[in-house]
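Engineer: Have a look at this prediction, sequence included:
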Amino acid sequence: MRMKRKIHGAVCAVITALTLSQTVPAKAEDPTLKSLVTEALANNPEIAARRERSHASAAAARYAGALEDPTLKVELEDLDSSSPMNISPGNSMLTRYTLSQSFPFPGKRGLREEMAGKEASAADSLTKATELDIIMKVKQAYFDLAFYEESIRLTNEIKELLSSMSKVAQGRYSTAQATQLEVLKVEVELAMATNDLTVLEASKAVAGARLKSILNRGQDDTLPHVPGLSKAPVAFNASDLAKKADSQSPLVKMLEAEAGASELEADLMKKEYYPDLMLGVAPIQRDGRFDYFDVMVQVNIPIWFGKYENKSGEASHKGREMRLMAKAERNAKAYEIKAGTLMAQSSERMMGLYEASIVPQAALSFESAMKNYQAGRMDLLTLIDTERVLKKTRLEYLKTVLDYWKNMAELEKTAGTEIF
């Protein structure tokens with residue numbers, strides 16, 4: 001009788017743990033997750049590559065409107081034929097030093113600077129988009145890790161239940177109240193729970209490896225302890241998120257910047273109808289003295305108008321393409337915000353339903369079944385069925401919580417702003 005009470009007390013304790021584990025209070029801010037996001041922003045090579053491209057574009061913008069280098073030309077005329085290898089001003093009758101500088105038609109340099117500035121802005125926006133994508137990946141990998149951590153804990157608690165059930169079955173078998181088959185069925189359930197733990201441990205290791213890869217860590221590094229999944233939903237305003245996604249989306253900004261660069265390129269091609277100017281001055285040295293100088297003015301003659309028309313048309317079409325792509329991206333963002341909000345709200349309602357009724361009812365059903373089995377009023381197969389329902393219910397609840405947080409991470413990326 002004492003052993004029976006001890007087993008019953010152990011069963012009740014485990015059931016209580018299974019029922020109340022979802023009520024762990026959530027922290028206002030998870031310092032572990034925050035530190036991992038900070039680490040990824042600092043060390044992720046994809047982000048670093050985007051930043052290098054952004055720096056390169058910024059450097060290009062700073063010299064885009066600069067003048068071409070001046071040129072210096074030295075001409076030696078009437079060299080002394082008796083010393084043909086003596087190529088120097090002292091061996092020529094006349095030496096001309098021509099210094100020239102080209103000047104683009106007014107407006108071209110400014111357009112080139114603006115184009116490069118737009119391209120630098122597009123590169124900055126792409127960097128921001130990459131950062132948001134990496135933040136989402138860090139959070140989703142972190143939530144996967146937390147899910148497997150909690151699933152392993154849950155499965156271990158289920159194993160404790162099965163161990164208690166096994167003791168009850170063995171006790172009943174020893175008094176001829178149960179068959180050996182019942183004892184074996186519980187042992188099979190225990191073996192299946194052990195197998196589940198093996199799979200969960202492997203999945204946890206895969207999630208950890210993915211997180212280490214994103215963080216640019218070695219695969220032999222140790223990750224910090226990950227607490228269980230928070231069960232407290234996050235409050236957010238879907239309308240505000242939609243407005244932010246429309247106005248702050250890095251991908252929209254990138255496409256608009258590329259559209260602006262193409263439009264400026266079209267304007268620049270129209271400027272190619274006008275000639276560039278080259279000015280030069282040439283002091284002339286004769287008999288060791290500089291008595292004369294020449295002045296040179298040179299212009300190119302842009303007569304192949306079709307070439308510039310087609311280049312301008314190409315750039316104009318690219319600009320319109322980018323504008324339309326930006327519009328399409330806005331539409332996609334609006335849809336993604338709406339869909340993400342609906343999915344998050346659905347997961348939140350399901351979390352509440354599991355927490356308020358489904359999980360407690362499954363736990364109470366199992367507790368009642370266990371009492372009835374101990375009293376000989378229920379067969380083992382029914383008890384095992386209620387145990388499976390309890391395990392399935394708790395795992396489905398955890399999966400719902402995981403889906404909620406992964407949806408929230410994706411919603412953050414779509415909106416381009418932090419939600420939690």
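Structural biologist: Yep, that arrived.
Engineer: Where does pLDDT dip in the stretch 251-400 of the chain?
Structural biologist: For the stretch 251-400 of the chain, not a single residue meets the criterion pLDDT under 70.
Engineer: need the helices for it, in chain order.
Structural biologist: Applying DSSP state H, counting those that start in this stretch to the stretch 251-400 of the chain gives helices spanning 305-353, 359-374, 380-415.
Engineer: Can you tell me which of the ones you listed is nearest to Thr198?
Structural biologist: Distance to Thr198, taken as Cβ to Cβ, is lowest for helix 380-415 among the helices of the stretch 251-400 of the chain, at 15.6 Å. From N, CA and C alone the C-beta is placed, and that goes for glycine too.
Engineer: now the closest one against helix 305-353, angle please.
Structural biologist: Orientation check (axes from the mean of the first three to the mean of the last three Cα atoms, to 10 degrees): helix 380-415 against helix 305-353 gives 140 degrees.
Engineer: Buried residues of helix 380-415, list them for me.
Structural biologist: For helix 380-415, a neighbour-count test (16 or more other Cβ atoms under 10 Å) marks 380, 383-384, 386-387, 389-391, 393-395, 397-398, 400-415 as buried.
Engineer: what separates it from the chain centre, distance-wise?
Structural biologist: 25 Å (Cα atoms, centre = their mean, to the nearest Å).
Engineer: Can I get stretch 288-304 as PDB, trimmed to CA atoms?
Structural biologist: Output in PDB follows, covering the C-alpha atoms of stretch 288-304 (Å, rounded to 0.1, in the frame of the first residue of the first chain):
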ATOM      1  CA  GLY A 288      66.800  77.200 -74.900                       C
ATOM      2  CA  ARG A 289      64.300  80.000 -74.700                       C
ATOM      3  CA  PHE A 290      60.500  80.000 -74.300                       C
ATOM      4  CA  ASP A 291      59.500  82.700 -76.700                       C
ATOM      5  CA  TYR A 292      56.100  81.300 -77.900                       C
ATOM      6  CA  PHE A 293      53.200  79.300 -76.700                       C
ATOM      7  CA  ASP A 294      50.200  77.700 -78.400                       C
ATOM      8  CA  VAL A 295      46.600  77.400 -77.100                       C
ATOM      9  CA  MET A 296      44.500  74.400 -78.000                       C
ATOM     10  CA  VAL A 297      40.800  73.900 -77.900                       C
ATOM     11  CA  GLN A 298      39.300  70.500 -78.800                       C
ATOM     12  CA  VAL A 299      35.800  69.200 -78.800                       C
ATOM     13  CA  ASN A 300      34.400  65.800 -79.700                       C
ATOM     14  CA  ILE A 301      31.600  65.700 -82.400                       C
ATOM     15  CA  PRO A 302      28.700  63.600 -81.200                       C
ATOM     16  CA  ILE A 303      27.100  62.800 -84.600                       C
ATOM     17  CA  TRP A 304      26.000  59.200 -83.900                       C
END
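Engineer: Buried ones in it, by neighbour count?
Structural biologist: Buried residues in stretch 288-304, counting neighbours by 16+ other Cβ under 10 Å, are absent.
Engineer: And stretch 176-188, by the same measure?
Structural biologist: Neighbour-count burial for stretch 176-188 flags 178, 182-183, 185-186 (criterion: 16+ other Cβ under 10 Å).
Engineer: ok, and the closest non-adjacent residue to Leu223?
Structural biologist: For Leu223, ignoring the flanking residues on the chain, the nearest one in space by Cβ to Cβ, 6 or more residues apart in numbering is Gly208 at 5.5 Å.
Engineer: Work out for me the element that neighbour sits within.
Structural biologist: Applying DSSP states H and E as the criterion places Gly208 in helix 180-215.
Engineer: so Pro89 touches Arg96, yeah?
Structural biologist: No. Pro89 lies out of contact with Arg96 (Cβ atoms under 8 Å); the separation is 10.1 Å.
Engineer: Comparing these two, which residue is more hemmed in?
Structural biologist: Using other Cβ atoms under 10 Å as the criterion, Pro89 and Arg96 rank with Arg96 on top: 18 against 12.
Engineer: ok, now which ones touch the nearest residue to Ile158 once chain neighbours are set aside?
Structural biologist: Spatial nearest neighbour of Ile158, chain neighbours left out: Lys391 (5.0 Å); criterion: Cβ to Cβ, 6+ apart. The contact partners of Lys391, by Cβ atoms under 8 Å, 6 or more residues apart in numbering, come to 154-155, 158.
Engineer: Which helix in this structure has the most residues?
Structural biologist: Longest helix of the chain, by residue count under DSSP state H: helix 108-174.
Engineer: which helices and strands sit right next to it?
Structural biologist: Packed against helix 108-174 by the contact rule (3 or more Cβ pairs under 8 Å, 6 or more residues apart in numbering; DSSP states H and E) you find helix 2-20, helix 31-43, helix 45-63, helix 180-215, helix 250-271, helix 359-374, helix 380-415.
Engineer: send the alpha carbons of the fifth one over as CSV?
Structural biologist: Only the C-alpha atoms of helix 250-271 are listed here, as CSV (Å, rounded to 0.1, in the frame of the first residue of the first chain):
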residue,chain,number,x,y,z
PRO,A,250,15.0,48.2,-47.3
LEU,A,251,14.1,46.3,-50.4
VAL,A,252,11.6,49.0,-51.5
LYS,A,253,14.2,51.6,-50.8
MET,A,254,16.8,49.7,-52.8
LEU,A,255,14.5,49.4,-55.8
GLU,A,256,13.6,53.1,-55.7
ALA,A,257,17.2,54.1,-55.4
GLU,A,258,18.1,51.9,-58.4
ALA,A,259,15.1,53.4,-60.3
GLY,A,260,16.5,56.9,-59.5
ALA,A,261,20.0,55.9,-60.7
SER,A,262,18.5,54.6,-64.0
GLU,A,263,16.5,57.8,-64.5
LEU,A,264,19.6,59.9,-63.9
GLU,A,265,21.5,57.7,-66.4
ALA,A,266,18.8,58.4,-69.0
ASP,A,267,19.3,62.2,-68.4
LEU,A,268,23.1,61.7,-68.7
MET,A,269,22.7,60.0,-72.0
LYS,A,270,20.7,62.9,-73.3
LYS,A,271,23.6,65.2,-72.2
